[in-house]
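Trainee: Turn this into a structure:
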Amino acid sequence: MAEYIVKTEEAEKKIHQVLGAIDEKNYKTAQEYLKQAYEIFKEENSHEGISICLSLMALLDYSEDNSKYEQAVSLMQDGMFMAQRAGSDTAVLINELSWGNINFSESNRDVALIHYNNALKLASEYDKYSLSDNINTRIRQLQNNIDYSLPTKSDPLVSLVKISRSITALTDIDELLKVIAEETKNAIQADRCTVFLWDKDTDELWSKVALGLDSSKEIRFPADKGLAGYVVKTGEYLNIVDAYKDSRFNPEVDHKTGYKTKTILCMPIMNNNREIIGAFQVLNKIDGVFTKNDEDLLIAIGGSASIALENAQLFDKQLQMYHEQKLLFDSFIDTLAMSIDARDKITAGHSTRVRMYSTLLAKEIGMDSKDVALLEKAAILHDIGKIGIRDSVLQKDGKLTDEEYKHIQEHVRITHNILNRIYMSQDFRIITEMACSHHEKWDGSGYYRHLKGEEITLGGRILAVADVFDAITSKRHYRDKMPIVNVIDILLKGAGSHFEKTLVDTFLSIPVTKIIRVFLSESNGKIAPQDEKLLEKYDLLAIHRFGTAESVSEDEMKILELFNAYYTGSIFEKGEDK
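Mentor: Model prediction:
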């Protein structure tokens, strides 16, 4: 669920950027952002998002080439169909706005006004993409017979709204700095803009934005240096009409880059507590010098920017905290698993291999990445309940008595009790459910709850296959690895009773090279390239067929012997460098 939310938020940011680029008549940039958003919405199967993209595709296609009117109309109709199917007012709003823009451009002003009013009514109820001001500007342009080609940012207020809309959806600090700088540069009609943040811990100003220069390098310097440092330390605003006549200006950067700084507008960025958190540095007004209106606009931009920057910094800290908590949780899980390995060196590594087999099977059936991650944790923890099993039973050589077998079965109940005491979010509760279901059987004859069929969580059914396969392909106190043909026989005979049949079929169809890599995981061995090329075409069913057939070809025998050499480890005992 979390991954879905992150992807959706990312796509919505792209739509914000598309709308901004359309306002600027920057159709190439809009197309790039729209393509990225569409791919995400399509992957997430979001009808609302797909509808929005179709409507905007129609508008962009028509805006770049008005001979594509018929094509645009077809896309617009598809967009409205998807919007209604999704039941999304936002998608309908954008469809209506796009219709309005196309008709405005076609000089169908009465029709355009109808669509704009429809869009405005929807926006008054829920304006997810802050489109009300855009729509009102278009309506004013219509009413005053102004040509559609004029951007909606034809006055400072509209510019401020547009900038606010562009930055409120962003949480990545580097991306936010770039967008604020770019939008500020465009709004004030300057040649360059840099947004600096004040790192109070090191008393430095830093940025990853220097439009026109190499933006991939971080700029960092003492907070008392340069014009940006001056405004941060003093809180003063600087509007310099001739940089080279101002003693505070350092021309060394110009000398190094060949750039010629003429006019400078430099102002501190303050938060709601009137604390300085950074500075704007805007260079070279395109037409003349920076005016009082430019100063007022930059102050207003700073108000929106400061909120967005502080939110982004807070988000970044929360993200770091989340990653730290995740690392702590993962290390805790690994520590629990190691505690089982420490009890019995012979079975050490079992949980890790079960995780690897489970992951192979889960990916083969198309399980999504979030559920695979939860399954991997369940696999690592599935035997944690063996902490409560007596050493005399856990490490016994030979067959267990009935009483001992009942005792060892208790490890599943203990696993449930242990994991159930760990505080987890609702998403992670499934870990407990999967981990304590690995001994349940498809026909209901397993333990400890005697679940059957789809009553057993999918992760538990996957673990059942992986757990048995590793148990009988691994060396134990009292036996060597079982011959691979016998192993596959057990899976085949258990399909439909012990195991879900489709999972067994899928597992046995995995290329044997992937299975061999799990065999070799503890010894860090590798498959020789020439052997991998031979084996990658075969699966475990093929190995079983070669091992049970009355007669096999020379090539089939070679494959069987090569697989068994890796399975038993004899290929390394012969001293071959693999």
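Trainee: all strands of the stretch 151-300 of the chain, in order?
Mentor: 190-199, 204-207, 219-222, 238-240, 264-270, 276-285 (DSSP state E, counting those that start in this stretch).
Trainee: The first one - what's its average pLDDT?
Mentor: Read that as strand 190-199. In this model, strand 190-199 has a mean pLDDT of 86.
Trainee: Tell me which other helices or strands it touches.
Mentor: Judged by 3 or more CB pairs under 8 Å, 6 or more residues apart in numbering; DSSP states H and E, strand 190-199 is in contact with helix 173-188, strand 204-207, strand 219-222, helix 226-234, strand 276-285. C-beta: built from backbone N, CA, C; applies to glycine.
Trainee: Next, work out how far apart the closest residue to S497 other than its chain neighbours and G453 are.
Mentor: Among residues not flanking S497 along the chain, D443 sits closest, at 4.7 Å (CB to CB, 6 or more residues apart in numbering). Using CB to CB, to the nearest Å, D443 is found at 8 Å from G453.
Trainee: most packed of the helices and strands packed on strand 190-199?
Mentor: The highest average neighbour count among the helices and strands packed on strand 190-199, using mean count of other CB atoms under 10 Å, belongs to strand 276-285 at a mean of 23.
Trainee: mind giving me the domain split of this protein?
Mentor: By the record's domain assignment, the chain is partitioned as 1-144, 155-329, 330-573 (automatic domain parsing).
Trainee: Return the member of those domains having the minimum mean pLDDT.
Mentor: The weakest mean pLDDT among those belongs to domain 155-329, with a mean of 77.
Trainee: before we move on, the earlier item: how about the helices and strands packed on strand 190-199, which one is nearest V518?
Mentor: helix 173-188 (39.4 Å; CB to CB).
Trainee: what helices or strands is the closest one leaning on?
Mentor: Helices and strands touching helix 173-188, by 3+ CB pairs under 8 Å, 6+ apart, are helix 156-168, strand 190-199, strand 276-285, helix 292-343.
Trainee: Any chance of the helices and strands packed on strand 190-199 in TSV with distance to D391 as columns?
Mentor: Formatted as TSV, those follow (distance: least, CB to CB, whole Å):
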stretch	distance to D391
helix 173-188	53
strand 204-207	58
strand 219-222	58
helix 226-234	66
strand 276-285	61
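Trainee: so the residue nearest to S497 sits right up against K452, yeah?
Mentor: Yes - with contact defined as CB atoms under 8 Å, D443 reaches K452; the gap is 6.1 Å.
Trainee: Turn the helices and strands packed on helix 173-188 into TSV, including distance to K128.
Mentor: What follows is the helices and strands packed on helix 173-188, written out as TSV (distance: least, CB to CB, whole Å):
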stretch	distance to K128
helix 156-168	11
strand 190-199	26
strand 276-285	28
helix 292-343	17
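Trainee: quick one on the thing from earlier: looking at the domains of the chain, which is buried most?
Mentor: Comparing the domains of the chain by mean neighbour count (mean count of other CB under 10 Å), domain 1-144 comes out on top with a mean of 19.
Trainee: follow-up on the earlier one: list just the one of the helices and strands packed on helix 173-188 that sits closest to E561.
Mentor: helix 292-343 (32.3 Å).
Trainee: quick one: S521 and I527, what's the gap?
Mentor: 12 Å.
Trainee: Tabulate the strands of the stretch 151-300 of the chain (CSV), appending distance to Q141.
Mentor: Shown next, in CSV, are those (distance: least, CB to CB, whole Å):
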stretch, distance to Q141
strand 190-199, 25
strand 204-207, 36
strand 219-222, 40
strand 238-240, 32
strand 264-270, 29
strand 276-285, 26
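Trainee: looking at those strands, which is closest to G459?
Mentor: Evaluated with CB to CB, the strands of the stretch 151-300 of the chain place strand 190-199 nearest to G459, the distance being 44.2 Å.
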